[in-house]
Structures are given as C-alpha cells and as structure tokens.
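>>> quick check, what structure comes out for this input:
(chains A, B, C and D)
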There are 4 protein chains.
Amino acid sequence: MRKKKFGIAIVGGSGYGAGELLRLLTNHPEIEAACVVSKSHAGKSVTSVHTHLEGVTDLKFSESLTPNWETGYSGAAVVCGVPTGHAANTISELIKNGLANGIKIIDLSGDLRLRDATLHQKHYAEVPYSEEVRLSAVYGLPELVSADEISKARVITNPGCLATAAILALAPLRGIKGVTSVSVDAKTGTSGAGREPQAAMHHPSRALDCTAYKVLEHRHEPEILQALGDEFYPRDSFMFVPHLLPLSRGCLISCYITCQDDTSAAAAVKKYKSLYSTAKFVRLRDRPVRLVDIVGTNFCDLHVVARGKQLVVTSALDNLGKGMASQCIQNLNIIFGLTQETGLMAPALGPV
Amino acid sequence: MRKKKFGIAIVGGSGYGAGELLRLLTNHPEIEAACVVSKSHAGKSVTSVHTHLEGVTDLKFSESLTPNWETGYSGAAVVCGVPTGHAANTISELIKNGLANGIKIIDLSGDLRLRDATLHQKHYAEVPYSEEVRLSAVYGLPELVSADEISKARVITNPGCLATAAILALAPLRGIKGVTSVSVDAKTGTSGAGREPQAAMHHPSRALDCTAYKVLEHRHEPEILQALGDEFYPRDSFMFVPHLLPLSRGCLISCYITCQDDTSAAAAVKKYKSLYSTAKFVRLRDRPVRLVDIVGTNFCDLHVVARGKQLVVTSALDNLGKGMASQCIQNLNIIFGLTQETGLMAPALGPV
Amino acid sequence: MRKKKFGIAIVGGSGYGAGELLRLLTNHPEIEAACVVSKSHAGKSVTSVHTHLEGVTDLKFSESLTPNWETGYSGAAVVCGVPTGHAANTISELIKNGLANGIKIIDLSGDLRLRDATLHQKHYAEVPYSEEVRLSAVYGLPELVSADEISKARVITNPGCLATAAILALAPLRGIKGVTSVSVDAKTGTSGAGREPQAAMHHPSRALDCTAYKVLEHRHEPEILQALGDEFYPRDSFMFVPHLLPLSRGCLISCYITCQDDTSAAAAVKKYKSLYSTAKFVRLRDRPVRLVDIVGTNFCDLHVVARGKQLVVTSALDNLGKGMASQCIQNLNIIFGLTQETGLMAPALGPV
Amino acid sequence: MRKKKFGIAIVGGSGYGAGELLRLLTNHPEIEAACVVSKSHAGKSVTSVHTHLEGVTDLKFSESLTPNWETGYSGAAVVCGVPTGHAANTISELIKNGLANGIKIIDLSGDLRLRDATLHQKHYAEVPYSEEVRLSAVYGLPELVSADEISKARVITNPGCLATAAILALAPLRGIKGVTSVSVDAKTGTSGAGREPQAAMHHPSRALDCTAYKVLEHRHEPEILQALGDEFYPRDSFMFVPHLLPLSRGCLISCYITCQDDTSAAAAVKKYKSLYSTAKFVRLRDRPVRLVDIVGTNFCDLHVVARGKQLVVTSALDNLGKGMASQCIQNLNIIFGLTQETGLMAPALGPV
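Numbers count the residues shown, from 1 in each chain, chains lettered A, B, ... in the order given. Here you go, the predicted model:
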C-alpha cells in the first residue's frame, strides 16, 4: 500500500516564495501541496502565474482554504506566503476561524520575527498584529533552534534571507568574549523584494547598478542580533548594510570581524569547524563562497579567513531557498517528523 | 562677444528620453535646455530624477512652459517627451495655446507616426488626436527624409527605435524588384518601455530572460512599411517580431532577406555601400554588429552577409540614442541650420 | 533487497556538459555516475571543478576508465564529454581498446553528427574521425528518432543545442508542401562555448552585448536540415543565424515561416498540436516562450502564431539541458529500458 | 590661427585603459592622441581593436614610438598602458632610450605605486623594476596630491581603481584621532582584470555570480594606507576585501567606520563637507551612491550615514574612468597647465 503523504496549504500562493515552494515540492517524496490560495487569481491554474511549473502540476488557485483540504494526509500544515504587513493578520484570522489545532502555521513574512515590542513597531509599524500570536511564534532556523522547539510551536516564523546568511555566518562567535566588533556587508538579488513592480526594481534602472539601501536602518539588523542572543558579545559594535546586486537570486554576506587579540580570532576559527562539522546544509568551503554554488538550494556556504586578530567570513545562500522556501521545507520536515534533508539535497545549477 | 545659442523646452521632462536628451546636450556646443517641464516634479531639481546629471546642470522642473523661456536665444524648439497616448493631446494644446509660430515641435512618442487612419486607430486606439496635427507631422529620419522637408515642418514626429534600426537596415532594398520576402527579428533592451514600473519589466523576472512579444502585432511594423514606401517591394511578405533582451539599452535587428535570384542579392549588397557611403551616422561594418559599439551614440551600425539569393543584414543602434534622443538632436540641428553631426560624434563606451 | 542501478562513465568529465550531467544524476533514481575521467584533473575531487556539487558527491576524477567500473550495475554506458574535435578520436580508441560490446556510447560533441562527408569536412575539418564510427552513430533526438533505433545503436550522437531547439520547432512542418521558406533566428547563452576561456566569451566584453556570429555559416544549419530530412520542403529556402545573449544558459529560437497560402499555414498550426499532444518534454505554450521557464530542465517550450500565410514559431530550451545533458539522460533512459522521463521532470527555477 | 594642441603617445595601446583614454580624448578640446603603440597590433587600425571608435578616429597602431611624434604640439606626454608586471620595465627603457626630458610619463599599471620595498616585493614580486624610477614616481591623485607636485614629476603613477574609491572615501578621516577601525568592502566590475581572457572572467561562470577574492591580501590595501598616510589613525585596524560584480564597469566601496565616541563621528561627518565642498569630481550625494551615476565619468560619488559612533560611507566611481583613464586625463590636464576639468565633465549614461 502506498504510504500516505503530508499535505500543505499555501495562503498567498501567487508570490515568489510560494512559487519556489511549489517548485521544490515537485521533488519532495513525502510532502505535497494540497491547496493553493490566492484571492486575486482564484480559479486560474497555478501555472498561469508560476509558468515554469507547466507540465508538472495541475493545481488551481482557490479563493480560500478548500473544505477538508487536509483530509487523507498523514499530517498537514499551512504556509503563509502573504506579504509582510498582511501576514500577521491573515494568521490571526486563520486561528480565529478555527484552523484545527494540529495544523501548524509557518509564516514566510517578517511580521512575527521581532519579539521586542519597540523594535517591532519601529520596523513593522504598519503591521496589525496580535501580540499573543507574535510572542508565541518560534524562530524557525533549525541550525540554531532545536527541532524539538520547532515541532512544538503552533506558529513558526521563517527567518529573513539576509538574516539567515548573517546569523549562520556569525553564530560560531557566540560565547567568545574577545570578539569586539562586527560589520556585515550584505549583497542581495532583487527577488527578495517580491513580485510587485516598483521603481527600485524596474529593470532598466537596476540592470547595471549596485547600491546600498536602508543603510544602518534595515530590519534584519535587529533580527540578527535577536537570534544571536546575549552571548554574541559585539552586539553594541555591530553594523549591517544591505546592497542590491544586478541579479535576481542569491545573497552574499561579508562579515568583518575584529577580535581583541589573535587568540580570540584563532578560537573563533575553530568554532566554525566544530559547530558545523555535521551540519547538512552549511558547507565550510576552502575558498570565498560564490552565489552560483547555492542558487536554488537549501545550502548556506561559509568561508573564513583570519589575519592576526581579524576575521573575514563570507556567507552565501539563496534568498528564495535557504533564505525562504527551502528553509520552510526544512521546518516542514521537522514538523512532520521527517529527516531534515528530505527533498532538499538537489545542488545548484552551478558555475554554468 | 559670445555667440548666442539655440534653446529648447522639454515637455514631459522626467522620462528616459528627456534624461538622455539632457545628457547629450551637456556636450552640445550650440543648443541648450532652457526649460524642462514636469507636472509631477515641478519645483524639484532636474537631478532629483536624472541623478546622473548631478554637478553638470542646475535646471529645475517647471509646472509648464515658463514665460519667455525662448527669449535671448537665436532660435527655439519644443521637444515633447510625454508618453505615447498623451503626446498628441499635449501638442494640440501647445499649438492651441499660441506657441509662437516659429517654434517647432519634435514629438518623441508614437502618437503621430502613422498616417493611415485605420492603422493609426488599430495601433494607437487610445490616442486623442487632432488628425490635422498628425497629418502635418514630418517623419524625422534624416537619412531618408530631406533636411529641407524636416526644417519646413511645424511638427516633426521622431521615429521609433526598432523602426529606425529596421528602416536603415532595409532602405537600400527600395527599388530592387527582385527582393521577395523580408523577416525582421528585433531584439531590444528594456528602457524602451519607459520609466513607469510594470510587471513585464520587473527586474527579478526579466534579468535572465529573453522572449518575443507582440508577435506580428507590434506597431513598429506598419511604421517601417510606411517609411520604406511603395518602392519597397517585399511589403506583402514582411514579418516583424520584437524580443526583450536582459539589458537596458540597445536594439539589435537581424533581417532575413530572400531574393528571386543571386543577381538581385548582389545588386542589393552594392546598394548598401552606395547609399551609406557618405552617411555620418550609419557605419557599414565588416563583421556582425554589436550593441557595445553603439550604446549612448547616434550611430546605426550595419553589416551585410550574402549567400546566393539570400541576405542577412544586422543593424544596431541605441533605442534612447539614434532610436530617440540623439536622433531628436539630429533633427534639432537641422531645424537650427547646424551641421547634422554637431554635438553627436561621441563614441560608445565600447566592448570593455 | 536494494534494486541495482545503472552506471555510467563520463569521459571528459571536467566540462560543462559533464557538470550538468552529474548535477542531474543526483536526482535520478536509477542511474549513477560510476567513473568520471579527466586527464587534467586526475586524482582531484569532482567538486574541485564542479564546485556546486559539494556535499552531494564524493567522486574523484580518474586518469582513465577505472578497471571494472561497470561491475555490479544492471547495465552501463559511456558518455563522451570531450570537446568537439577530440571526441571522435576518443571514441574510436575506446572501441579499439575493447570497451565491452554491451556498453553503449553517447557523444555530446558535434564530431559525429553530420553524415554527409562533404558537409562534415566543411564544418568539422579538424576532426580526426573514423568514418565507420561516424556513419554508425544514431542521432539521439527521441522526439524524432524511435526508441528502438536509439537503443540498438552502439554509438549515439547527442544533438546540438540550437539544432534541437530548431528541429523541434520545425519538425511539424515536415510533409507540408506549402511551406516555402524558413528563417531561423537563434539566440543563445554563452555556456554553449564550453569552459575554456576565450576572447569572445570574456565577461567585460560580453556582459552588455548581443551580436550575431557565424552568419549563414554555422554548423547547426546542416545538422537541422539533415534531421528534418527530405520531407522538409523549404530546405532550399532556409537561413539560420545564431546570436550571443548576455546570459549563460538558454537558447531561444524564432522561426519565420512563409507558406504559399493560408491553408498551408493553418495545416501547419494543426500539426504542432497533433505531433506534440503526448510529448512529455515539448510544451506547447499559449504565449511566446521564455528562457526562465526552461533553464535547468529537459523541456522544450514552443509557441505558434499565424497571420495569413505566415507563421512565427518560438522555441526555448536549455543548451546544457535538453540541448545537451538532460537529453543525454533521456537517451540513457531509453538505452537502459527506463521510462523516458525518469529523473527528468524537475521544473526550472522560474521567472523569479 | 588655430591654437596648438597637446599630444600624447600611448604605449600599450590595445588594452582597456588605452581604449577608454582614446574614447575620452575624442571629447577633449586640447589634448589628442598622436601615437598609439601596440607591438601585437602594429599596422592595424586602432578601430580593429577599439571597435567602438569606428568613424571617430583614423589612427593606426605603431610598432614603437614613431619618430618626432611630439613635433608640432604645445607639449607632449607618454601614457603607459602596458599591463602590471611589464610597465616598470617599459618605462625604464623609454627613459634609457632618451625620451626627451620634457616629456613626462603617466603609468596606468600598479608597478610603481608602492614605495615600501617589502610591500612592493610582496605584492608585485614579478616586477622587474628600477628602484630609482619607482621612488621618483608621484602618486597622481589630484584630490590629495597638489597640482604642483604632480606637474613637477617626471613619472606619475596613476592610482588603482579600488584604491581611488577607498582613498577618496576615507581621506576626510585623516587627522581625526577618534576613528578606531575601518573595514572596506569593495565591489567591482570585471573590466579591471584587463582584456586578456582568463578562467575567472569567463562569461558563463561569471554572469550570475558575486564573490570575494584575495581576501585581506589585495595589493590595493597597502596602496590605500600609503596614500592616506600616518594621519590616518585606524591603519592598524583596517580591512579591505574586494568582490566581483556581474557587470563590466564600476566600483562600489562601502566603508564601515567605528569611532571611539559620537563626537568623533560627528567631526568626521563635517570633514566630508569641508574637504570636498569645492571638489569638481567628488560629489557628496544625499542618498547611497549608485554605479549608474558614474560609469564613463571622472566623478567619484560619496554618501555618509552616521549612527552614534558609527559611520558608513559609500563611494562609487568607474574603474576605467576616475579609476584609470579619466584620472589620467586629469593628470594630463595638470601637466599641460589646463583646468583640471577640461574635457572631463560629460555625465554618465544614467539610471536608464
């Protein structure tokens, strides 16, 4: 007898995150999309928006969760792909409307990521949220947060893309008191901005440019510091600046780390090896990391260079992969009791 | 005593065409921008929109033509950079409101290009136009239309970018009866779509793509045939399909030409050399043309390959240069009695 | 008991084709790479060259076929990824050196594709070949050549990338006598040129360009005509011109087709639907095809527009996918008696 | 009577620097190229290599300096565009062979930039140099080095591209003791690598990537510190890491600056305004700098953001412009007693 699969519903199914999730699930042996909700495209085929899925899916967008969509599956979950600013509300209503208790929710937006109320209001001012939902959400970064904690949560807030790249690059520094300052230069493709056209992502103006934005004001900065916690000592000497690259997918993070002495730096280098020696999705490379090695995957590549008391760590991941949809699948695997790498080991297209 | 300059006003001053015009005029010894009109940016500095002009212009956008803007110049003209669909109306009103008779108007839009009423309605259905204005407009392609005709017109309709590339590539075929069919594959950068963000020009979706659009339905097809006229014999065996390239500037046109025999093809090859032997802005190259040789310039590069009765002609120009703003300056030079190449001989950045 | 797999050896394992083959095989349930030969990288890990495969393969390059590499597999084949000009010789030697008769060979190069001796010499002059090997090679395009014929061959010559895109776009025209002329404008990414650096693929000079090359002289032209055969009537009124796009992967082909009358054109349109109604890898789209829908896949997308007696067919595939490595896997599937789509249904990254 | 011009000879005339120099000189009213030397292209037209100059120059490459090339000019200079590693030797021989004393030399390579012998040997080990020539060379960065000093030098070493961007971004910090550490994240287009094809600049592998290289080992790091001098206090807490962008032209530098207190940071902010208030080529912008504003120009754009004791300074220039050829022209203007901005005020193509 065919083993039963796990089923998910995607709310906000026309966005880039949803499209990547659907793509990745075509290669997943245990989880499938049962229902894809999009108010604006209700009734149309999923491939009318996600045109690359032609021939591999017959799904149609529905107006809302179809009745009994979860029936017949071994387990079910909802992924919320609604844009930041609208997700918290969507999730509150899902719960209010009686989504079965056993059905967990993973939110791809930033709405529920910041726990501190002041920081939340500063960076997500526009978000109408239930504080209860926000404070109950568990941060779904499985390399840092235990599978146990993730699998017990009702709501999981999926980490930000640049944040994930930076957190994985800096997590080994936790507990090392000799680390005195960290500056993070983040470079990202344009797909992180979502599907909605906007002047800043207009092709003619973006195609040949590279520029910083939200200098020292980006909301992933507090997210990074929150995730790294109090054991991350250089938190008061921390800078984070994102830049736009003229490509669509991939984040590259360069971290400039100063220690008080060579010994602290050497200790840090060792921590990278020990912390990630068995990590399936973090690859310690022997040369500076490259976007072409990670696009489309759940891998985060890291590389460390030391010079005396200085360290440079480069980190690369796909903003729609480990920075969003494949990390969401990693969380789904945890929720459903599957091995974390199930369906997630496909490599990148590569340097050609 | 300093020689007096010619002055122009640009209406619709925030668009890409206006920006390129202003850039090119910084290098023009005889013509300068006297007034730049933009309703939506009135009062702001021109560099707030055209940020690359910082340090080379002090102009501000005005709400409408500033009174006496043309005073003190040796001559004056208005360039209309308002988007297609709105330009015809703007020009009608300029004339109705008493723009001095000696002040000629050059329209960068497509509103006034098609003379045939049926074709005009099919391709520019939305345009509220004065038929009188449209029929009085002269097609400003100085390689085909005499300087005399252009300089006598009240209104000059500046040719389309893809149209210019195709017309210059095909003009030598006029009068050769043995040419039996022509297919034109046009490839263009995204800046031709203008500054307004839209889904089709959203960077994440466009950056890695190439696709045809408006297949056999593009409005430059009738424009090309109209300009080539009745002496262009393959007009009933003609196809034109544009494609979007993942870059911002440049048009590359490949023309597939079939003749009834080798003799006709050989005659055509000779016509390219004779027709363009003294053309300043049409460069006959000895290898297939490249975008990097023409971006930012008023050059149109051509290359011809013959094989028996077949010809392939490639043609390249900058959609914002010879396809728009620098061709407009060429027309302004004609209007003001200057040598056509004045201020227009700067070469491209090149294949670097 | 675990079912036994099929094993392949890749000779010329450091090239782009080999890298893509290895990537695709990580997702194949029945076939695996048993041996990867590269003289220049012998002893190094496969990931030292194919860096994107880090963490998903432990293979090392070997100097030559390792003894008994095929032992323990249900079946075996050799894929030759040696560059055009060197492949024919490599294959002759493999056979001469006693490669077991049951082990078939698939050649990714162009060396064995042209059957006509004169055309072969014109386009592959430098190739030291055994005519016997060349004439015995079967053209491995499974949409046109029967699985039976492919599976009986000792040597399969894998089709060219641009050729595959054009052949699939034009195959429905076979047998329609009213088709009078066809011009094919091909646009391709740069990875088709292989891994070896060369001036024409130097990034600074290529990044912003589009240009035609080998105008009416490209060797895929005779390959296309050979594959389409005598029932392709416009073979004497045929033109093919490739162009370089500023991106690394993907071929887009636009075919300009003229028929003698509207009836012939209408007949052709119907043939597209009938010929490909059950094809797994040819997708008839309802709008012009896009590269973003096919990169990384074995799909070839097609779109047809008719206007009177004229047709425009656009066709897109990945030059390293359906144009090389995934088509090779499709042929391997046939050889090994597997369903053709085994391991090949993963969709593209998409228009993100 | 027509005023006499100044003439230059370019040795190493086929490189990217020479091409850009020739392009810029087509727009220079006082200086012209009198002789372009290229051993490998001797006898060919300059446009055979610099194809974008077709129609604007009739120059031919010569085997060596043509006799009396400088005759008839008001003054003359030699620009050495020979690659790093070969330039020092070329210059020594020019001098040894009796180049007239009044003819100054500007070297575009890195051969003569580092004064410290140990650092020079570490970073330019392969350079066969005359120490006398190296130590006599003046660093040609006119915003920092006086016109007087530049105009007195026999040999001027033109600054590196990334170095120029970083030095101009950091020069205002000189003399401020409260600046404690600086990390510089540099991003550059690929044309800085020169015209010679190489694996790292192969288009298929570079087109979709971003990666760091020579982490903490790049030779512009000591060049920057040497130029900033002893008054640049954070020199022992300094990091510099370059990255490759998937575009051909432009450098973007992001500097992460930590001060000991807010007062020092505020003092630094003021210094940017005072130091550059009259600089013609340094533009202080009111938002993060963009490559599209500077490509093709001699401008260096800067932007400063402060947060407490932290500063982020972004800096942008064209690696072939202010980072090479246009800065060379700025030095030539100084040598010849012209206003520094002569021929150098053309703006960028812009965000189109």
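>>> any idea what the residue in the stretch 201-350 of chain A positioned nearest to chain D is bridged to?
Residue nearest to chain D within the stretch 201-350 of chain A (Cβ to the nearest Cβ): A:Tyr256, separated by 3.6 Å. Where you see a C-beta, it was placed from the backbone N, CA and C, and this is true even at glycine. Beta bridges link A:Tyr256 to A:Ser183, A:Val312 when assigned by DSSP bridges.
>>> what's the local residue count around it?
24 (other Cβ atoms under 10 Å in any protein chain shown).
>>> cool, and A:Val155?
23.
>>> over to the one 10 residues further on?
By other Cβ under 10 Å, the residues close to A:Ala165 number 35.
>>> A:Ile253 is in contact with that one, correct?
Yes: taking contacts as Cβ atoms under 8 Å, A:Ala165 lies within contact range of A:Ile253: 4.3 Å.
>>> and for those two, which residues touch both?
Common neighbours of A:Ala165 and A:Ile253, counting by Cβ atoms under 8 Å, 6 or more residues apart in numbering or on different chains, are A:186, A:315-316.
>>> mind putting the residues you listed in TSV, distance to chain B and pLDDT included?
Below are the shared contacts of A:Ala165 and A:Ile253 laid out as TSV (distance: Cβ to the nearest Cβ, whole Å; pLDDT from 0 to 100):
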residue	distance to chain B	pLDDT
A:Ala186	17	98
A:Ser315	21	98
A:Ala316	18	98
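>>> take the residues you listed and write them to JSON lines, including neighbour count.
Formatted as JSON lines, those follow (neighbours: other Cβ atoms under 10 Å in any protein chain shown):
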{"residue": "A:Ala186", "neighbour count": "26"}
{"residue": "A:Ser315", "neighbour count": "27"}
{"residue": "A:Ala316", "neighbour count": "32"}
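>>> how many residues are close by A:Asn97?
Using other Cβ under 10 Å, A:Asn97 is surrounded by 9 other residues.
>>> top helix in chain A by residue count?
In chain A, with assignment by DSSP state H, the single longest helix is helix A:262-276.
>>> near chain C, which residues of chain A?
A:16, A:19-20, A:23, A:26-27, A:50-56, A:191, A:208, A:248-249, A:280, A:283, A:285, A:290, A:292-296, A:299, A:301, A:320, A:345-352 (Cβ under 8 Å from any Cβ of the partner chain).
>>> let's see 7 Å
Chain A comes close to chain C at residues A:16, A:19-20, A:23, A:26-27, A:50-56, A:191, A:248-249, A:283, A:290, A:292-293, A:296, A:299, A:320, A:345-352, as judged by Cβ under 7 Å from any Cβ of the partner chain.
>>> about what we covered before: state the distance from the residue of the stretch 201-350 of chain A closest to chain D to D:Thr180.
Plainly put, A:Tyr256 is 13 Å away from D:Thr180 if you go by Cβ to Cβ, to the nearest Å.
>>> over to A:Asp185?
When distance is defined by Cβ to Cβ, A:Asp185 is 19 Å away from D:Thr180.
>>> and the two? Which one has more around it.
Neighbour tally, A:Asp185 and D:Thr180, criterion other Cβ under 10 Å: the higher count belongs to A:Asp185, 28 against 20.
>>> let me see the contact set for that one.
For A:Asp185, the contacting residues are A:241, A:254, D:185, D:254, by Cβ atoms under 7 Å, 6 or more residues apart in numbering or on different chains.
>>> using the three-state scheme, assign the closest residue to it other than its chain neighbours.
Nearest in space to A:Asp185, with sequence neighbours left out and distances taken as Cβ to Cβ, 6 or more residues apart in numbering or on different chains, is D:Asp185 at 3.8 Å. Assigned by DSSP: H, G, I helix; E, B strand; the rest coil, the conformation of D:Asp185 is strand.
>>> again, but for A:Gly43
Using three-state DSSP as the criterion, the local structure at A:Gly43 reads coil.
>>> what sits against it?
Contacts for A:Gly43 (Cβ under 7 Å, 6+ apart) come out as A:60-61.
>>> recalculate using a threshold of 8 Å.
So A:Gly43 contacts A:60-63 (Cβ under 8 Å, 6+ apart).
>>> could you single out the nearest of those residues to B:Ala227?
Of all those, A:Phe61 has the smallest distance to B:Ala227: 45.6 Å, by Cβ to Cβ.
>>> phi and psi next, for the closest one.
Dihedral angles phi and psi of A:Phe61 (degrees, to the nearest 10) take the values phi -70, psi 140.
>>> from chain C, how far out is A:Lys60?
16 Å (Cβ to the nearest Cβ, to the nearest Å).
>>> what count of nearby residues applies to that residue?
A:Lys60 sits with 17 neighbouring residues when counted by other Cβ under 10 Å.
>>> repeat that for the one 3 residues further on.
For A:Glu63, the count of nearby residues is 12 (other Cβ under 10 Å).
>>> that one is in contact with A:Ala42, isn't it?
Yes: counting by Cβ under 8 Å, A:Ala42 is a contact partner of A:Glu63 at 4.1 Å.
>>> can you give me the strands for the stretch 101-250 of chain A?
Shown for the stretch 101-250 of chain A, the strands assigned by DSSP state E, counting those that start in this stretch span residues A:104-107, A:138-139, A:155-157, A:179-188, A:211-212, A:238-244.
>>> for A:Gly192, which non-adjacent residue is spatially closest?
Counting by Cβ to Cβ, 6+ apart, A:Gly192 lies nearest to A:Asn319, which is 4.7 Å off, once chain neighbours are set aside.
>>> pull up the gap between the residue of the stretch 201-350 of chain A closest to chain D and B:Val78, please.
53 Å.
>>> check A:Gly229 too.
64 Å.
>>> more crowded one of these two?
Applying other Cβ under 10 Å to A:Gly229 and B:Val78 shows that B:Val78 carries more neighbours, namely 24 against 12.
>>> what sits up against the helix or strand where the more buried one lies?
Counting by DSSP states H and E, the element that carries B:Val78 is strand B:76-80. The contact list for strand B:76-80 (Cβ under 8 Å, 6+ apart) reads B:6-12, B:18, B:21, B:34, B:65, B:69-70, B:87, B:90-91, B:94, B:99-100, B:102-109, B:328, B:332, B:335-336.
>>> partners of that strand, with directions?
When DSSP bridges is applied, strand B:76-80 pairs with strand B:6-11 (parallel), strand B:104-107 (parallel).
>>> okay, now A:Gly337: neighbour count?
12.
>>> what's the answer for A:Ala227, then?
Residues contacting A:Ala227 under the criterion other Cβ under 10 Å number 23.
>>> pLDDT wise, what is A:Asn331 at?
Here, the pLDDT recorded for A:Asn331 equals 98.
>>> is it in a helix, a strand, or coil?
Secondary structure, three-state DSSP: A:Asn331 is helix.
>>> how about the helices in the stretch 151-300 of chain A?
A:161-170, A:203-206, A:220-228, A:262-276 (DSSP state H, counting those that start in this stretch).
>>> compare those helices and give me the one nearest chain B.
Across the helices of the stretch 151-300 of chain A, closest to chain B is helix A:203-206 (Cβ to the nearest Cβ), at 3.9 Å.
>>> helices and strands around that closest one, which ones?
helix B:203-206 (3 or more Cβ pairs under 8 Å, 6 or more residues apart in numbering or on different chains; DSSP states H and E).
>>> what residues sit buried inside the helix it packs on?
Within helix B:203-206, the residues that count as buried by 16 or more other Cβ atoms under 10 Å in any protein chain shown are B:203-206.
>>> next: stretch A:191-211.
By neighbour count with 16+ other Cβ under 10 Å, stretch A:191-211 contains the buried residues A:191-195, A:197, A:201-211.
>>> next one: stretch A:210-218
Applying a neighbour-count criterion of 16+ other Cβ under 10 Å, one finds A:210-212, A:215-216, A:218 buried in stretch A:210-218.
>>> between these, which is nearest chain C?
Taking Cβ to the nearest Cβ as the measure, chain C lies nearest A:Cys210 of the buried residues of stretch A:210-218, at 13.4 Å.
>>> my guess is that closest one meets A:Leu244, correct?
Yes: with contact defined as Cβ under 8 Å, A:Cys210 and A:Leu244 form a contacting pair (6.6 Å).
>>> all good on my end, thank you.
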